[in-house]
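**Student:** Just to be clear, the model below is a prediction. Sequence and coordinates:
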Amino acid sequence: MQLFRDFRVEQTDPRRFYSALAADSVGQLSGYLDLAGATVLDVGGGPGYFRDAFRAAGAEYWALDADVGELAGLGAIARGTVVGDGMNLPFRDGAVDLCYSSNVLEHVPRPWDMADEMLRVTRAGGIAFISYTLWWGPWGGHETSPWHYLGGRLARRRYRRTHGHEPKNKFGESLFAVTVRDGVAWARRQRAGEVLAVIPRYNPRWSYWMTRVPLLRELVTWNLVIVVRKG
């Protein structure tokens, strides 16, 4: 509920929302590995709202993003930041203890190539934590929601007519339809590690069973998390 209240000001006060999300992420991740002394790569880290939270937990933090404008959102691009492509990560195999990505997979045209790359750069015994917004969920169309239920291109055109400019997240260019079904299929076919969790990130624990029900899971899940321990 606190994250939802903070999300309401995501556009007007991004620091408040993303700082709260970063703190929540550190709390979730601490259940899978000790962040103290861990090397973390945040794929799609943006301007660095997560940096302080990870470093406060004792992690060595690196961020990667393809959008230089997004990286400079808080001013100068911070040290430890790499400009690169999430689908072709410029890191060697087994480079990091934790490869983390939050709400990025839906913004790349080949999301499961990015997931494979995240596992590649994770060391044996390390964790890949992949969290993404679901297309058929309440926020699937991002700022064009809820019109995305009638189609991404229609929602994009409607936004342009209503606001006089394109949405930040352009369906077909920087926003793509990714589903629970896609994530479950990838988790089953990957052979790089053990799947520790496939859960709805923001849903209450009592509702986790819904991720096992086709169709229903697409509509009631805001964001899906896939956690893999590298073999």
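**Tutor:** Alright, I've got the coordinates.
**Student:** Give me the distance from stretch 117-129 to the chain's centre.
**Tutor:** Centroid separation for stretch 117-129 versus its chain: 15 Å, with CA atoms, centre = their mean, to the nearest Å.
**Student:** If you rank every helix and strand of the protein by mean pLDDT, what lands last?
**Tutor:** helix 68-71 (a mean of 59; mean pLDDT, DSSP states H and E).
**Student:** ok, then the element right after that one?
**Tutor:** strand 81-83 (DSSP states H and E).
**Student:** buried set for that following strand?
**Tutor:** For strand 81-83, the neighbour count (16 or more other CB atoms under 10 Å) marks T81, V82 as buried. Every C-beta, even on glycine, is put in place using the N, C-alpha and C of the backbone.
**Student:** Partner strands of whichever helix or strand comes after it and their direction?
**Tutor:** Next along the chain after strand 81-83, taking DSSP H and E as the criterion, comes strand 96-102. Its sheet considered, strand 96-102 pairs with strand 39-43 (parallel), strand 122-133 (parallel) by DSSP bridges.
**Student:** And the helices in the chain?
**Tutor:** With DSSP state H as the criterion, the chain has helices at 2-7, 14-29, 51-56, 68-71, 111-121, 152-163, 180-189, 216-220.
**Student:** Could you check how far H165 is from A155?
**Tutor:** Distance, H165 to A155, by CB to CB, to the nearest Å: 15 Å.
**Student:** Between these two, which has more neighbouring residues?
**Tutor:** Each of H165 and A155 has its neighbours counted (other CB atoms under 10 Å); A155 has more, 23 against 8.
**Student:** if I pick the more buried one, what's in contact with it?
**Tutor:** G141, T144, S145, W147, H148, F171 (CB atoms under 8 Å, 6 or more residues apart in numbering).
**Student:** G151 is in contact with the first one, correct?
**Tutor:** The reference is to G141. No - in this structure G141 lies outside contact range of G151 using CB atoms under 8 Å: 9.5 Å.
**Student:** Among these two, which residue is more densely surrounded?
**Tutor:** For G141 versus G151, neighbours defined as other CB under 10 Å are more numerous around G141 (27 against 14).
**Student:** which one is the more buried one nearest to, not counting chain neighbours?
**Tutor:** H148 (2.6 Å; CB to CB, 6 or more residues apart in numbering).
**Student:** Over to G44?
**Tutor:** Going by CB to CB, 6+ apart, G44 has V104 as its nearest residue, at 3.2 Å.
**Student:** How many residues are close by that neighbour?
**Tutor:** 23.
**Student:** Output stretch 180-196 as PDB, restricted to C-alpha atoms.
**Tutor:** What follows is stretch 180-196, C-alpha atoms only, in PDB (Å, rounded to 0.1, in the frame of the first residue of the first chain):
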ATOM      1  CA  VAL A 180       3.300 -13.900 -17.200                       C
ATOM      2  CA  ARG A 181       3.100 -16.800 -19.700                       C
ATOM      3  CA  ASP A 182       6.300 -15.500 -21.400                       C
ATOM      4  CA  GLY A 183       8.200 -15.400 -18.100                       C
ATOM      5  CA  VAL A 184       7.100 -18.800 -17.000                       C
ATOM      6  CA  ALA A 185       8.100 -20.300 -20.400                       C
ATOM      7  CA  TRP A 186      11.500 -18.700 -20.200                       C
ATOM      8  CA  ALA A 187      12.000 -19.800 -16.600                       C
ATOM      9  CA  ARG A 188      11.200 -23.400 -17.600                       C
ATOM     10  CA  ARG A 189      13.500 -23.500 -20.700                       C
ATOM     11  CA  GLN A 190      16.600 -21.800 -19.300                       C
ATOM     12  CA  ARG A 191      19.200 -24.200 -18.200                       C
ATOM     13  CA  ALA A 192      21.700 -21.900 -16.500                       C
ATOM     14  CA  GLY A 193      20.400 -22.100 -12.900                       C
ATOM     15  CA  GLU A 194      17.700 -23.100 -10.400                       C
ATOM     16  CA  VAL A 195      14.500 -21.100 -10.400                       C
ATOM     17  CA  LEU A 196      13.900 -19.900  -6.800                       C
END
